[in-house]
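>>> predicted model follows, preceded by the sequence.
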Amino acid sequence: MVRVQVRSGTHILVRSKQRLIRFRSAPTAPSGDVVSLPTALSTTAPPGTPPDFAAPPSLPAPPASTAVPSIAGSPQVGATLTANPGTWTGVQPIAYDYRWQRCNTAGGACTVLVGATGSTYTVTSADANATLRVAVTASNSAGAASATSAATAVVTSRPTNTEPPRISGTARDGQRLTASSGTWTGSNPIRYAYAWHRCNSGAGACGPIAGATSTTYTARSADIGSTLRIVVTATNAQGATTVTSFPTAVVQPIPPVTGEVVALWHMDETEGTTMFDATGRDHHGTLRSGVRLGQPGFAGLAYALSGSADVSVPNAPDLQPGSADITITIAIKTTRTPSSGDWSLIRNGIFGTPGGSHKMEFYPSGQASCGFNGSSGYSELTAGPVLNDGVWHTVQCVKTSTSIEMVVDGQVFLQRATIGTIANAEVVSIGARPDGGEYFQGSIDEASIRIG
C-alpha cells in the first residue's frame, strides 16, 4: 500500500520513489487527507495532468567501477610504470586521482608513497623486493568512488653499491691484503667478481694485475712504490655494476731485519723434560705436567699441550728488551677456544710485575692478542683472523718505540703506543701463566725471542 494525500477529482496522483503513479479511482476522503491506496495501475500521468505533476528527471549517477585499475610496465628499479584507471560508469565527465602504494611481497601491508600522485611512477631503489599498487579515485558531479589495482610482481633491481669495497692489511711487500665486496642492494642472488689493480703513487694510471682475481692478494716487489685498488663487479639477473675501492697506501719494501734472536726453541725433542735452545745461549726450558713430544709440527716436530701442561724458561738478562724493540714468535695449531677467560701462549711476567711484562694470548674469539706493559704505559692489541681451524698459524707480537704490532701469517696489524722499557726478573712461560692457569690446548712449535 502507498499512503498519499488526497486531491480532488477521480484520479489521484502521487510521487513515490521518483515515479508518478495514477490510481483507478480516489478513495472516499476529504481533499488533503492522507489515505492508503490499493495497488498502482500505471506510472503514466492521465491526459490533462497539471504540469506540477510531471515525471521528475533521473538523478546523475556517481562513478562505479566495472573493471579495476591496472599497471603497465616492468617492476624494476629505474623503470616507469603507467596506471590505467580501469573502466567506470556514471555521469560524465569523470576525473581520476592516483595514489601509488608500496606493499610487501604478498601485496599486503601497503603504505601510500608521498608525492606519487600521477598516472605514471618511476620505481626507486626503496621499492626493491616490494610490490606496488595504484589506488584510483574517480569523481564526477554526483560523487566519488575508489578502486585499487592488483599488486605488481616483486620489484627487481640491478646491483647498486651503497658502500664501496675496502682493502685491509698492510701495504708492504710480502703482506697479504684482503678486500671486502662493499655493501650492495639489488635482487638476489648477487655474484661478485674481483680484480686487483696496480696504480701509480698518486692512485692514478691503474691497470689490472694478471691473475689477481680473488678477495686476497699478497703484495710483491713489483708493487713497491705503487698503490693498489680492488675493482668489484656485482652481477644479478637484471644486470651488472662495477665499483672501485679507495687506494691503499704506497706499498713499502720489506724492512731490514734488525736485532738478534736471543732464544730459539725448535721443539723437536722426542724424549726427556728439557726444551733445548738452538741459539747456543742455553735458554733451555723445563717441560711440566705431561707435555706430549714428537707430534707433527709446523717445521719438523712439535709439542702438544692438553690443557694442563706448560714449559718454563728461567729468567736471564739477555731475554729482557729494556728500551729496545722485541719480537716474540710462535707457531700454533688448535681446533678449540677458551670457554672463558683466555689462554697464554708466551708470556714474561703478569700485569703488575715490577719492571713490566709482555704476553701473547689466545682469546675465546679464536684470535690472538699481544700485550706489553712498560715504564711508559700498557697497550694490548687483539686482531687478525680466527686461528682455531686446525691448521698451523704463525703469530708474532712486536714492540717498537712507537707502536705494538701483531703479525698473523704475515699479515700485520699495528697500534700506536709508547710502552717504554721492560726489564723484569720473571721466567718466560710457554703455554700457561707463570703462576699457573690459562693453559693452552693445542700444538705449539718454533718459538723465539728477538731483541733489537
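Nice, I can see it. Being a predicted model, the structure only gives us computed values, none of them experimental.
>>> who's the residue most central in space within the chain bridged to?
Of all residues in the chain, the one closest to the mean position by C-alpha atoms, centre = their mean is Thr183, 6.8 Å from it. Here Thr183 sits in beta bridges with Glu163, as judged by DSSP bridges.
>>> pull the contacting residues for it.
161-163 (C-beta atoms under 8 Å, 6 or more residues apart in numbering). (C-beta placed from N, C-alpha, C; glycine too.)
>>> repeat that with 10 Å
Shown in contact with Thr183 (C-beta atoms under 10 Å, 6 or more residues apart in numbering): 160-165.
>>> endpoints of stretch 232-246, how far apart?
One end of stretch 232-246 to the other measures 12 Å (C-alpha to C-alpha, to the nearest Å).
>>> stretch 377-390 now?
35 Å.
>>> helices along the stretch 151-300 of the chain, start to end?
Read by DSSP state H, counting those that start in this stretch, the stretch 151-300 of the chain holds no helices at all.
>>> ah, wrong one, I meant the stretch 351-452 of the chain
Under the criterion DSSP H, counting those that start in this stretch, the stretch 351-452 of the chain contains no helices.
>>> circling back to that earlier point, so which of the contacts of Thr183 is the most crowded?
The most crowded member of these, judged by other C-beta atoms under 10 Å, is Pro165 (22 neighbours).
>>> my guess is it meets Arg229, correct?
Yes. Checked against C-beta atoms under 10 Å, the pair Pro165 and Arg229 is within contact range at 8.7 Å.
>>> list residues touching both of these two?
Residues touching both Pro165 and Arg229 (C-beta under 10 Å, 6+ apart) are 179, 244-246.
>>> can I have the buried ones of the residues you listed as a ChimeraX selection?
A single ChimeraX command is used to select the members of the shared contacts of Pro165 and Arg229 judged buried by 16 or more other C-beta atoms under 10 Å:
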select :179,244,245
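>>> ok, so of the shared contacts of Pro165 and Arg229, who is nearest Asp342?
Nearest to Asp342 among the shared contacts of Pro165 and Arg229 is Ala179, at 30.2 Å by C-beta to C-beta.
>>> give me the beta-bridge partners of the residue nearest to Glu405 when sequence neighbours are not counted?
Distances taken as C-beta to C-beta, 6 or more residues apart in numbering place Val398 nearest to Glu405, at 4.0 Å, with adjacent residues excluded. Beta-bridge partners for Val398, by DSSP bridges, are Thr327, Glu405.
>>> my read: Val398 touches Leu414, true?
Yes. Under the criterion of C-beta under 10 Å, Val398 makes contact with Leu414 at 8.8 Å.
>>> what about the two, which has more around it?
More crowded of Val398 and Leu414, by other C-beta under 10 Å: Val398, with 20 against 16.
>>> contacts only, for the more buried one.
Shown in contact with Val398 (C-beta under 10 Å, 6+ apart): 325-329, 370, 372, 381, 404-407, 412, 414, 450.
>>> likewise for Ser119?
Taking C-beta under 10 Å, 6+ apart as the contact definition, Ser119 lies against 69, 81-85, 96-98, 100, 134, 136.
>>> hang on, the earlier thing: in strands, which of the shared contacts of Pro165 and Arg229 appear?
Using DSSP state E, 179, 244 are the members of the shared contacts of Pro165 and Arg229 that sit in strands.
>>> so which of the shared contacts of Pro165 and Arg229 is the closest to Ala210?
Nearest member of these to Ala210, counting by C-beta to C-beta, is Ala179, at 16.9 Å.
>>> do a quick rundown of the strands in the stretch 301-450 of the chain.
In the stretch 301-450 of the chain, the segments counted as strands under DSSP state E, counting those that start in this stretch are 301-306, 310-313, 326-333, 343-348, 357-362, 368-374, 377-383, 393-399, 403-408, 411-416, 428-430, 441-451.
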